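In: Could you work out the structure for the sequence below:
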Amino acid sequence: MQARPLVMGVLNVTPDSFFDGGRYFDRDAAIARGRQMVAEGADVIDVGGESTRPGADPVDEAEELRRVLPVVAALAKLARVSIDTMKPSVAAAAVDAGATLVNDVSASLASVAAAAGVGLVVMHMQGTPKTMQDDPRYEDVVREVHGALRAGAAAARAAGVEEVYVDPGIGFGKTLEHNLALLGALPELVAAGEPVLVGTSRKSFIGRVLAPPGAAPLPPAERFEGSLASAVWAMAAGVAMVRVHDVAPTVHAARLVGRAARRLGAARR
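Out: Numbers count the residues shown, from 1 in each chain. Predicted coordinates:
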């Protein structure tokens, strides 16, 4: 058992991401933020150059490469770096620059990760970032998402990927109730065997849950408490890693959860 759940820090090198869009669009600002997250205890820095917020427009390959490659190269000397992309060419180039994990929201990059000998996050998304929140529907969201993740992980293993994480894709083509159902079913997903990664940080469903009855959802800047609570919930359910904007407090929480989990495991033995 690892000492504590791992913490992946979000580094959006974009002008339009929903929470910190533009804050780290400048290369030097992005690298400085990455160094800060390493100092705060992040286990992985997740570098992305194309926003996947609901309604986001795609970015062309050359621009995405321009945004991410210098940042990946600089930070890979300091910590483990993942590349958050849907493009095979960007994933491959980022690996060449030092990334060792492909965070694949499209669930289509197993062959790239296998060829490069790096890890892969298989995430579930219904639709595309541009359309995913238009009208997401499921007959049974837990059964369908878990089934898709099992299939994606099996395909990645068959392709030759040795390190695979599965991510239920909170907020990616899901309603508030879908997200809550998937969070509630995390122990079931963990029990299926593949390491689980969960990203809830600052997402809109948290703003809806935290808002007073009848009020508008809280904006991203006011969702910290809900983000931390959902990360702790996921860690207590046994997930291997959480993806967050707020690294330092989440690392502190992960240390506590890890200690409690070890005590519980020892007591059961």
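In: what residue ranges in the stretch 151-269 of the chain score low on pLDDT?
Out: Applying pLDDT under 70 to the stretch 151-269 of the chain picks out residues 265-267, 269.
In: tell me the strands in it, going along the chain?
Out: 164-167, 197-198, 241-244 (DSSP state E, counting those that start in this stretch).
In: Tell me how far the strand of greatest length in the chain lies from the chain's centre.
Out: Ranked by number of residues, the top strand in the chain under DSSP state E is strand 6-12. Put simply, strand 6-12 sits 7 Å off its chain's centre (C-alpha atoms, centre = their mean, to the nearest Å).
In: Okay, now the sheet partners of it, with direction.
Out: The pairing partners recorded for strand 6-12 under DSSP bridges are strand 44-48 (parallel), strand 241-244 (parallel).
In: want to try CSV for those strands, with distance to Leu186 and mean neighbour count as columns?
Out: Where you see a C-beta, it was placed from the backbone N, CA and C, and this is true even at glycine. Output for the strands paired with strand 6-12, formatted as CSV (distance: least, C-beta to C-beta, whole Å; neighbours: other C-beta atoms under 10 Å):
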stretch, distance to Leu186, mean neighbour count
strand 44-48, 19, 26
strand 241-244, 11, 26
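In: which one of those lies closest to Ala29?
Out: Nearest to Ala29 among the strands paired with strand 6-12 is strand 44-48 (13.0 Å), distances taken as C-beta to C-beta.
In: Just want the angle from the longest helix that the chain contains to strand 6-12.
Out: The longest helix of the chain (DSSP state H) is helix 247-268. Angle, helix 247-268 to strand 6-12, by axes from the mean of the first three to the mean of the last three C-alpha atoms, to 10 degrees: 160 degrees.
In: residues making contact with helix 247-268?
Out: The contact list for helix 247-268 (C-beta atoms under 8 Å, 6 or more residues apart in numbering) reads 1-7, 9, 37, 40-42, 224, 228, 231-232, 235-236, 238, 242, 244.
In: thinking again about what came up before, minimum distance to Ser106: which of the strands of the stretch 151-269 of the chain has it?
Out: For Ser106, the closest of the strands of the stretch 151-269 of the chain is strand 164-167, at 11.9 Å, according to C-beta to C-beta.
In: Excluding chain neighbours, give the residue nearest to Val59 in space.
Out: For Val59, ignoring the flanking residues on the chain, the nearest one in space by C-beta to C-beta, 6 or more residues apart in numbering is Glu50 at 4.2 Å.
In: So the one you found versus Met8, what's the distance?
Out: Glu50 sits 17 Å away from Met8, taking C-beta to C-beta, to the nearest Å as the criterion.
In: before we move on, the earlier item: so can I have CSV of the strands paired with strand 6-12 showing distance to Arg150?
Out: Formatted as CSV, the strands paired with strand 6-12 follow (distance: least, C-beta to C-beta, whole Å):
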stretch, distance to Arg150
strand 44-48, 23
strand 241-244, 18
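In: who wins for proximity to Ala181 among the ones you listed?
Out: Relative to Ala181, the nearest member of the strands paired with strand 6-12 by C-beta to C-beta is strand 241-244, separated by 18.6 Å.
In: need the contact list for Leu186.
Out: 168, 196, 198, 233-234, 237-239.
In: Would you mind measuring from it to Leu197?
Out: Remark: distance between Leu186 and Leu197 (C-beta to C-beta) = 11 Å.
In: tell me, what's touching these two both at once?
Out: By C-beta under 8 Å, 6+ apart, the residues touching both Leu186 and Leu197 are Val239.
In: Quick check: beta-bridge partners of Val122?
Out: Under the criterion used (DSSP bridges), Val122 bridges to Asp104, Val166.
In: can you start the count at 33 instead of 1 from here on
Out: Okay, using 33 as the starting number, the last item reads as Val154.
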